[in-house]
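Chemist: Got a sequence here, can you build the structure:
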Amino acid sequence: ERYTCDTLLLSCGLIPENELSKSAGVALNPVTSGPVVNDSLETNIDGIFACGNVLHVHDLVDYVSQEASAAGKNAANYIKNGKEKDAKIVEILPVDGVRYTVPKYIRPTEMDDTLTVRFRVGAGDTEHIEEYSGAMVKYNNIIPILLFFFWTFCAEFVFRLMGVSDGLMPMCLDYSRYYAPVFLITGLGGAFSVILQTSNYTKPLVVYGILRSGVNILLDWVMIFGRFGFPAMGIKGAAIATTIAEYSGLIFAVIFVVSSKKLNTKPSMKWVVKAHIKPYLLSAKLGVNTALEDFAWNLGNLLLIRILNAINEMAAGIYSIIFSVEVLAVVIIGAIGNGTMTLTGEAKGNNDLGKYKGVCVCAYGLCIVVGIITLGVCLAFPQQIISLFTNDKSIIASCGIYLIFISINLFAKSANIVVGNAIRGSGNTIWMLITQLFGTLWVVSVALLFVFVLKLGIAGVFLAVIVDEIVRSFINLGKYLRIVKNWESTD
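Modeler: Modelled structure (predicted):
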């Protein structure tokens, strides 16, 4: 939008003005651009004290007033009693992400019983940023490459455990064979996503998700049924379409990351080449909870497929078709969720509760729009959507209701994705693992009840998934509200 105004005032941060300090020979901190002081706010020059925004930039004027009162008291004491006797000086070292402290030095034998130490996090250490991001780009593909070989050579063993019949086994093996190359780029895609997140670039993540979904839909239609001169490849076409879509998304991410000059966590090629594995292992340690959470979700999904295979040999295929449609929306919602974690983490770091809540509301609102559009399309064109994945007329005619199920499920799933990422953004990385472990046990138990006790068949599995998402969404919402309440009580 365009706004007409007389004056535009941009508040882009402050830098202390210290010409007077420099002329007096006062030592300045290169991080704050303000004087270096001890616990009495005295500089290295006897009798010169510093406080307020000349010392370092403050968030609240109340803090400036507190410092001014302390500095005035200490200056008056200096005038009255003269220079204090020399005392042992201890330096406060900023480590583990702390950028600086005020004061920088303390005198344990002379200082007051209580002392306020102000600091900021975010070390701004470019070399270490590149060290960690370079290690991530270099080593993040190790496990995905192993998965590529596993699914290339061990797929039949896994499908046997899942109860896949001999009639469906060739199709399952074809799909895994043509989909396996996706694992070769999974780690690299994850590394580039992290670089975008940590550089606070969330829009490209959404574009990344939309691009993958759009290409997947188009190529499914073209390659499954043979359009524009392509041969009809059935299940092979579906796998190839997904693989091409994933590589298309990666190409976009690579071009954006390599060409952008504004990504402050992007490593140079020098750091990628020289990177050691230790920084990567330290970073991976922080992601263990999320990895276990994904593992629990996938384990639950495999157990559901095992239940579906016990119904009949087509049940798992129908389930896969329906959730292939859901995934197209979930990719977009997941990208919004990634942005939520980035922005809520930033809000938490800045102690900005309003932004924290606003990001969550905005993100869930966007997800609601995605859910409404998906529901509307599934209501209007159920048979046309199913026909993108199969020519079987009986499946096309009978599965429209399941599209409605998964569309409704998107609203609860979106809540879990957005609220879950907000919880992670607050610094709690284990909560979502706990709820996912509960969810895996819960959804499998409910599915067994619905399928084998209540005899609901395939519908029982879909209903179990919906119940699981709804229950966990209320549990996660309760945790989110407690975080907000505790935050409000400390402000």
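
Chemist: Rounded mean pLDDT for whatever helix or strand Leu304 lives in, please.
Modeler: For Leu304, the enclosing helix or strand under DSSP states H and E is helix 288-311. Per-region confidence: helix 288-311 scores 86 on mean pLDDT.

Chemist: Same check on stretch 373-388?
Modeler: The average of the pLDDT scores along stretch 373-388 is 90.

Chemist: end to end, how far does that stretch reach?
Modeler: Using CA to CA, to the nearest Å, one end of stretch 373-388 lies 18 Å from the other.

Chemist: list the buried ones in it?
Modeler: The neighbour-count criterion (16 or more other CB atoms under 10 Å) identifies Thr374, Leu375, Val377, Cys378, Pro382, Ile385, Ile386, Ser387, Leu388 as the buried residues of stretch 373-388. Every C-beta, even on glycine, is put in place using the N, C-alpha and C of the backbone.

Chemist: same thing with stretch 286-301?
Modeler: Applying a neighbour-count criterion of 16+ other CB under 10 Å, the buried positions in stretch 286-301 are Asn289, Glu293, Ala296, Gly300, Asn301.

Chemist: Looking at the buried residues of stretch 373-388, which two lie furthest apart in space?
Modeler: Pairwise distances among the buried residues of stretch 373-388 were taken by CB to CB; the largest, 18.9 Å, belongs to Leu375 and Ser387.

Chemist: Tell me where the stretch 1-150 of the chain has helices.
Modeler: In the stretch 1-150 of the chain, the segments counted as helices under DSSP state H, counting those that start in this stretch are 19-23, 61-81, 126-139, 142-153.

Chemist: now the helix or strand of the chain with the lowest mean pLDDT: how far from the chain's centre is it?
Modeler: Least confident helix or strand of the chain, by mean pLDDT, DSSP states H and E, is strand 118-121 with a mean of 79. For strand 118-121, the separation from the chain centroid amounts to 24 Å (computed by CA atoms, centre = their mean, to the nearest Å).

Chemist: likewise stretch 414-429?
Modeler: Relative to the centre of its chain, stretch 414-429 is centred 9 Å away, using CA atoms, centre = their mean.

Chemist: now swap in stretch 403-415 and tell me
Modeler: In terms of CA atoms, centre = their mean, the centre of stretch 403-415 is set 21 Å apart from its chain centre.

Chemist: Could you do stretch 221-228 as well?
Modeler: On the basis of CA atoms, centre = their mean, stretch 221-228 is displaced by 35 Å from the centre of the chain it belongs to.

Chemist: List the buried residues in that stretch.
Modeler: Neighbour counts over stretch 221-228 (16+ other CB under 10 Å) mark Trp221, Val222, Met223, Ile224, Phe225 as buried.

Chemist: OK, contacts around the residue lying closest to Leu302 once chain neighbours are set aside?
Modeler: The shortest distance from Leu302 to any non-neighbouring residue, by CB to CB, 6 or more residues apart in numbering, is to Met162 (6.3 Å). When contacts are counted by CB atoms under 8 Å, 6 or more residues apart in numbering, Met162 touches Leu302, Ile305, Arg306, Asn309, Ala316.

Chemist: Any chance of JSON lines for those residues, columns distance to Gly52 and neighbour count?
Modeler: Shown next, in JSON lines, are the contacts of Met162 (distance: CB to CB, whole Å; neighbours: other CB atoms under 10 Å):
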{"residue": "Leu302", "distance to Gly52": "61", "neighbour count": "13"}
{"residue": "Ile305", "distance to Gly52": "64", "neighbour count": "20"}
{"residue": "Arg306", "distance to Gly52": "66", "neighbour count": "16"}
{"residue": "Asn309", "distance to Gly52": "70", "neighbour count": "20"}
{"residue": "Ala316", "distance to Gly52": "68", "neighbour count": "25"}
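
Chemist: picking that back up, deepest of the helices of the stretch 1-150 of the chain, which one?
Modeler: When neighbours are counted by mean count of other CB atoms under 10 Å, the highest per-stretch mean among those falls to helix 126-139, a mean of 20.

Chemist: Off-centre distance for that one?
Modeler: 18 Å.
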